[in-house]
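# next comes the sequence, and after it the predicted model I'd like to discuss.
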Amino acid sequence: MMSDDLAALRAETAEQLAAAADLRAWDAVRVATLGKSGKLTGLLKGLGAVPAEQRKERGAALNRLKGELESAIEARRLALEDAALEARLAAERLDVTLPPRPAAPAGEGGIHPISRTFEELVALFGAQGFSVAEGPDIESDWLNFSALNIPDHHPARQDHDTFYLPAGADGRRPVLRTHTSPVQARTMLGQEPPIRVIVPGRTWRADHDATHSPMFHQVEGLVIDRGIHLGHLKGCLIDFLRAFFGIADLPVRFRSSYFPFTEPSMEVDIGWNRKTGQLGAGGDWLEILGSGMVHPKVLANCGLDPREWQGFAFGMGIERITMLKHGMPDLRPFYESDLRWLRHWASDPLSPPSLAEGI
Ligand code: PHE
């Protein structure tokens with residue numbers, strides 16, 4: 001039988017532990033019970049004053065109580081720690097699927113006009129069934145030139161003002177790609193036709209003035225299938241240009257030209273007014289992109305039989321079409337991180353381009 005004072009201490013401690021709502025309160029109970037001047041410690045210290053004939057029994061009871069209290073106190077600590085962890089998990093919960101808050105400081109954070117044009121290209125060509133392909137900025141000279149029917153010593157290599165990197169083990173110097181066209185070859189080598197891709201990305205040429213930057217962006221287009229002809233190229237580009245510039249009757253002209261990797265090749269002009277800068281039926285022509293039917297040699301270089309597969313390709317400068325669309329006079333601010341310019345031209349991240357709402 002446990003004496004009354006011990007039973008009272010057990011009950012009192014159980015009550016105080018239940019009432020301890022956090023680890024601080026719990027620790028106070030622990031110290032008041034098991035600490036140096038705690039209640040149980042006091043009782044143990046008083047054992048010497050207990051008459052000898054009761055001491056053994058009292059000592060055993062105190063030891064049992066000590067064990068009980070220690071486990072009760074430990075159990076409460078574990079429960080409180082669990083609860084604290086649960087509370088923290090609930091409080092610090094982060095739902096990464098939540099959309100950004102529109103209440104963010106007005107005007108903070110916008111989509112750069114280059115990125116916006118990328119998004120518009122993906123939306124417009126996506127609606128024509130194109131998907132997006134990508135390639136690296138550092139490219140072998142074979143993919144950037146040779147595969148595209150621009151052999152060594154071809155004058156077009158000089159035209160491109162190429163940035164060369166130090167030669168690799170094979171003695172060839174890799175290049176910073178001078179156009180997105182190497183991704184034409186990468187795509188044909190990497191997947192079976194039919195192919196319908198656009199390739200938005202960075203390109204590099206050693207050139208710098210108000211309308212040229214050593215780093216700029218292009219978008220390439222490539223379609224490979226059976227029975228592809230010039231009519232497909234024209235329809236695809238006329239539809240794209242009218243939708244992108246938002247001018248339903250935008251005049252589009254296909255002018256015979258030369259690229260080593262297309263035959264026939266065509267540069268594409270759109271109508272504008274040279275005096276006002278206004279796009280549309282203004283009596284003047286503005287060159288906007290290069291295109292053509294994929295050269296049979298390029299198809300063969302990429303493992304396709306030109307008697308079975310045909311295609312067309314096109315490439316255009318992203319900065320150029322962005323400047324024309326928005327009437328921007330200078331190319332350099334695209335890369336200057338001037339906040340005033342960015343705030344003026346950035347678009348709302350919450351309104352991505354869509355065919356339904358207009359590009
Ligand atoms: N790669 C060409 C350039 O950079 C553009 C182009 C791409 C022309 C595809 C024809 C076909 O000027």
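That came through fine.
# for residue 283, which residues are in contact?
By Cβ atoms under 8 Å, 6 or more residues apart in numbering, residue 283 lies in contact with 271, 273. To be clear about C-beta, it is placed using only N, CA and C from the backbone, and glycine gets the same treatment.
# and the gap between it and the ligand?
Computed as Cβ to the nearest ligand atom, to the nearest Å, the residue 283 to the ligand distance reads 26 Å.
# repeat for residue 344
From residue 344 to the ligand the distance is 29 Å (Cβ to the nearest ligand atom).
# in the helix or strand where that residue lies, which residues are buried?
Following DSSP states H and E, the helix or strand that holds residue 344 is helix 339-345. By 16 or more other Cβ atoms under 10 Å, the buried positions in helix 339-345 come out as 341-342, 345.
# burial count for residue 80?
Using other Cβ atoms under 10 Å, residue 80 has 19 neighbouring residues.
# tell me the helices and strands packed up against the host helix or strand of it.
Taking DSSP H and E as the definition, residue 80 sits inside helix 52-91. Other helices and strands packing on helix 52-91, by 3 or more Cβ pairs under 8 Å, 6 or more residues apart in numbering; DSSP states H and E, are helix 4-19, helix 23-34, helix 39-45.
# which one of the ones you listed lies closest to the ligand?
Closest approach to the ligand among those (Cβ to the nearest ligand atom): helix 23-34, 67.3 Å.
# just the CA trace of the closest one, in CSV.
Only the C-alpha atoms of helix 23-34 are listed here, as CSV (Å, rounded to 0.1, in the frame of the first residue of the first chain):
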residue,chain,number,x,y,z
LEU,A,23,7.7,22.4,-23.0
ARG,A,24,8.4,25.4,-20.7
ALA,A,25,5.6,24.5,-18.4
TRP,A,26,6.5,20.9,-18.6
ASP,A,27,10.1,21.6,-17.6
ALA,A,28,8.8,23.6,-14.5
VAL,A,29,6.9,20.5,-13.4
ARG,A,30,9.9,18.3,-14.0
VAL,A,31,12.2,20.5,-11.9
ALA,A,32,9.5,20.9,-9.1
THR,A,33,9.2,17.1,-8.9
LEU,A,34,12.6,15.5,-9.7
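# buried stuff in that helix?
26, 29-30, 32-34.
# find the closest residue to the ligand in the stretch 1-150 of the chain.
Closest point on the stretch 1-150 of the chain to the ligand, by Cβ to the nearest ligand atom, is residue 148, at 8.0 Å.
# contacts only, for that residue.
By Cβ under 8 Å, 6+ apart, the contact list for residue 148 reads 181-182, 184-185, 260-261, 298, 301.
# correct me if wrong: residue 317 contacts residue 215.
No - assessed by Cβ atoms under 8 Å, residue 317 is found out of contact with residue 215, at 12.0 Å.
# more neighbours: the two, which one.
Comparing residue 317 with residue 215 by neighbour count (other Cβ under 10 Å), the higher total belongs to residue 317, at 21 against 14.
# where does the residue lying closest to the more buried one once chain neighbours are set aside fall, secondary structure wise?
Nearest non-adjacent residue to residue 317, counting by Cβ to Cβ, 6 or more residues apart in numbering: residue 218, 5.8 Å away. Residue 218 belongs to strand 215-225 when assigned by DSSP H and E.
# quick one: list the elements packing against that strand.
Counting by 3+ Cβ pairs under 8 Å, 6+ apart, strand 215-225 packs on helix 113-127, helix 182-190, strand 195-204, helix 230-245, strand 284-294, strand 310-317, helix 318-326.
# give me the angle between it and helix 182-190.
Here the directions of strand 215-225 and helix 182-190 differ by 40 degrees (axes from the mean of the first three to the mean of the last three Cα atoms, to 10 degrees).
# C-alpha coordinates for strand 215-225, CSV please?
The C-alpha coordinates for strand 215-225 follow below in CSV (Å, rounded to 0.1, in the frame of the first residue of the first chain):
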residue,chain,number,x,y,z
MET,A,215,23.9,38.2,-78.2
PHE,A,216,20.4,38.2,-79.6
HIS,A,217,17.5,35.8,-80.1
GLN,A,218,16.0,33.9,-83.1
VAL,A,219,13.2,31.6,-83.6
GLU,A,220,13.6,28.8,-86.1
GLY,A,221,10.8,26.8,-87.7
LEU,A,222,11.1,23.4,-89.3
VAL,A,223,8.5,21.2,-91.0
ILE,A,224,9.4,17.8,-92.5
ASP,A,225,6.8,15.5,-94.0
